[in-house]
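Colleague: Attaching a predicted model along with its sequence, questions to come.
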2 protein chains.
Amino acid sequence: MGKLLIVGTVAFDAIETPFGKTDKILGGAATFIGLAAANFEVDAAIVSVVGDDFPDHHLELLKSKNIDLSAVEIVKGGKTFFWKGKYMNDLNVRETLDTQLNVLADFNPVVPASYKNSEILMLGNLHPSVQLSVIDQMEQKPALTILDTMNFWMDNTPDELAEVISKVDVITINDEEARQLSGEYSLVNAAEKIHQMGPAYVVIKKGEHGALLFHKENIFFAPALPLREIFDPTGAGDTFAGGFAGFLAATQDYSFENMKNAVIHGSNLASFSVERFGTERMEALDKGEINKRLQQFKNLTQFDIKLA
Amino acid sequence: MGKLLIVGTVAFDAIETPFGKTDKILGGAATFIGLAAANFEVDAAIVSVVGDDFPDHHLELLKSKNIDLSAVEIVKGGKTFFWKGKYMNDLNVRETLDTQLNVLADFNPVVPASYKNSEILMLGNLHPSVQLSVIDQMEQKPALTILDTMNFWMDNTPDELAEVISKVDVITINDEEARQLSGEYSLVNAAEKIHQMGPAYVVIKKGEHGALLFHKENIFFAPALPLREIFDPTGAGDTFAGGFAGFLAATQDYSFENMKNAVIHGSNLASFSVERFGTERMEALDKGEINKRLQQFKNLTQFDIKLA
């Protein structure tokens, strides 16, 4: 059972999809990462910040999943980070309607002493300077540092982002972001350029079209499970990252072969996440459902061509 | 070694991509299907029509692959079907610049007597009335009838197309066409509706995002091999269909498990087809290359999660 340190937002989301809309509900990258990772035997902690407007029951939910929240700062009189977004009909396009940084604007992350030797450091999507601060606070280099980021930081803080990228082992970004970061259209070429920036492993997320894992000359692909209905894609990428990180923290085997399994576990958990608004589906997910769907992933992808 | 009867165009293409352009080169659905199927132990024949402007060396090429061309009618004084198209930067969007039906306008297909008992009938993209005529000429229902079609026929000859669809076992169409045909956005729901129109097997081609095979409650997915460069997508769908049909004709095993392998073989061959203009890459393709790339497909997709 490895230690998994997660840094990222714990936040409020308000979501509008073709299927309905929500008021302020539980959201945030670290929330989705934590809920996904909690499905594995890990010792996980979140470093984050919320305002005192953040309801106890959200924190209790995360604690009930055995996630250590001692490094989630609660700012007196502060307001929690809030994101409001709307998905279009095909759910691949989303529009940000409102972003209120609030307490996140002055966030100084503090890594708890007992997690400074974590096996895995998972840097959720956040300002690169916060990610750098966490990297610098680690007592020893984690066995694996995983970075999730997005185009916003490529546009606005490219130098700080480049520094983070140079220090991580794994980067997870979506296909358009991989193209933007590398200047290459082909994802094979994009991954090669991103390798050269630092990460030995590059994960390119293609939403409903699955995810690719690149390492040197090796490529692995996990499809997204074909679903009748994608209800709300919010948090799918974070859930993927959380499943990936959680499985690796639990197994502590960082070989390419085991990372393939981690990608499948991440895809599997993401397939649940999109079935309900926000974290609803992830809050009550049992081992039986997870294993049943892993079997579906096997049926979906495994074939039997004999080669000499 | 099963008999495979292919009906479809044998034609001229002129292609423009971001990488260059061609004059009139060898093209046509039956051409690509035949070249792909020829990589398996099959007894294949093409039913088609060309004008006497069609060069002998194109016909000789197909004959050299052991494809029976006795039912390819050569119309004296006629001109061969011609398609001219241009691909945009991302190669998923194409524009038709010119279509000249020529001899195809009055095509009356005649199935050779020795192929009226073919195990597999592969109906390449063509006017549904031509496809129907071929179905009607068969002495006995083939073990498997496979239909490839496209949105043009959905728009222009929906009733005749519906009749063909009701008579086939397998349909291969792309994702947008599946949505158009079914009125469903989710491909799972689309496949279910299309099942109800006739085909027990529905193959949905997603181009660079792979292909899905649906049969009752079962789904199988084959990714497209991630490539550094896609040079010319023309014929990729036909090559996929030809590999699929060719493998099934060679093995004569129409179980879902073997169809999974057929989908992989189809995807594998399509990955070669797009590497050069037109049929160039398919004309000289050896078993060693094919097997090497099948191994890449295994590496790309096979994982080892143990489930109880």
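Modeller: The structure has been received and is ready for your questions.

Colleague: check contacts around residue A:168.
Modeller: A:123, A:145, A:146, A:147, A:198, A:199 (CB atoms under 8 Å, 6 or more residues apart in numbering or on different chains). Glycine gets a C-beta too; all of them are placed from N, C-alpha and C.

Colleague: if we go to 10 Å?
Modeller: By CB atoms under 10 Å, 6 or more residues apart in numbering or on different chains, residue A:168 lies in contact with A:121, A:123, A:131, A:135, A:142, A:144-149, A:197-201.

Colleague: if you go through the stretch 151-300 of chain A in chain order, where are the strands?
Modeller: Using DSSP state E, counting those that start in this stretch, the strands of the stretch 151-300 of chain A run over A:170-174, A:201-205, A:211-215, A:218-222.

Colleague: can you state the direction angle for the last one and strand A:201-205?
Modeller: Spelled out, that is strand A:218-222. If you take axes from the mean of the first three to the mean of the last three CA atoms, to 10 degrees, strand A:218-222 sits at 30 degrees to strand A:201-205.

Colleague: what two of the contacts of residue A:168 are the furthest from one another?
Modeller: A:142 and A:197 (18.9 Å; CB to CB).

Colleague: how close does the residue nearest the centre of chain A sit to chain B?
Modeller: Central residue of chain A (CA atoms, centre = their mean): residue A:238, 2.6 Å from the mean position. For residue A:238, the distance to chain B equals 22 Å [CB to the nearest CB, to the nearest Å].

Colleague: where's the nearest residue to that residue once chain neighbours are set aside, which helix or strand?
Modeller: Of all residues not flanking residue A:238 in the chain, residue A:32 sits nearest, at 3.5 Å (CB to CB, 6 or more residues apart in numbering or on different chains). For residue A:32, the element it lies in under DSSP states H and E is helix A:29-37.

Colleague: swap in residue A:146?
Modeller: strand A:144-148.

Colleague: and the angle from that strand to helix A:29-37?
Modeller: 130 degrees.

Colleague: Please name the strands paired to strand A:144-148 in the sheet, noting orientation.
Modeller: Paired strands of strand A:144-148, with direction, are strand A:120-123 (parallel), strand A:170-174 (parallel) (DSSP bridges).

Colleague: Out of the ones you listed, indicate the one that is most buried.
Modeller: strand A:120-123 (a mean of 30; mean count of other CB atoms under 10 Å in any protein chain shown).

Colleague: What's the first helix or strand after it?
Modeller: helix A:128-137.

Colleague: between that next one and strand A:144-148, how many degrees?
Modeller: 170 degrees.

Colleague: Give the rounded mean pLDDT of helix A:128-137.
Modeller: When pLDDT is averaged over helix A:128-137, the result is 98.

Colleague: So which bits of that helix are buried?
Modeller: Residues of helix A:128-137 classed as buried under the neighbour-count rule (16 or more other CB atoms under 10 Å in any protein chain shown) are A:128, A:130, A:131, A:132, A:133, A:134, A:135, A:137.

Colleague: what residue ranges in the stretch 201-308 of chain A score low on pLDDT?
Modeller: When residues are selected by pLDDT under 70, those of the stretch 201-308 of chain A lie in A:308.

Colleague: quick one: the helices in it?
Modeller: Listed in chain order, the helices of the stretch 201-308 of chain A (DSSP state H, counting those that start in this stretch) span A:236-251, A:256-273, A:280-283, A:287-301.

Colleague: So what touches the last one?
Modeller: Yep, that's helix A:287-301 we're talking about. So helix A:287-301 is contacted by A:39, A:210, A:221-226, A:243, A:261, A:264-265, A:267-269, A:271-272, A:281, A:285-286, B:212-213, B:217-223, B:256, B:260, B:300-308 (CB under 10 Å, 6+ apart).

Colleague: For ChimeraX, write a command that selects the buried ones of those residues.
Modeller: Buried members of the contacts of helix A:287-301, defined by 16+ other CB under 10 Å, are picked up in ChimeraX with:
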select /A:39,210,221,222,223,224,225,226,243,261,264,265,267,268,269,271,272,281,285 /B:212,213,219,220,221,222,223,260,300,301,303,305
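
Colleague: picking that back up, TSV please, covering the strands paired with strand A:144-148 and showing mean pLDDT.
Modeller: Listed next are the strands paired with strand A:144-148 as TSV, based on pLDDT from 0 to 100:
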stretch	mean pLDDT
strand A:120-123	98
strand A:170-174	97
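
Colleague: Tabulate those (TSV), appending distance to residue A:233.
Modeller: Shown next, in TSV, are the strands paired with strand A:144-148 (distance: least, CB to CB, whole Å):
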stretch	distance to residue A:233
strand A:120-123	20
strand A:170-174	11
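
Colleague: Residue B:71: which of these is closest?
Modeller: Per CB to CB, nearest to residue B:71 of those: strand A:170-174, 49.1 Å.

Colleague: Compute the inter-axis angle for the closest one and helix A:256-273.
Modeller: Using the same axes, to 10 degrees: strand A:170-174 against helix A:256-273 is 40 degrees.

Colleague: Just want the angle from strand A:170-174 to strand A:211-215.
Modeller: Using the same axes, to 10 degrees: strand A:170-174 against strand A:211-215 is 150 degrees.
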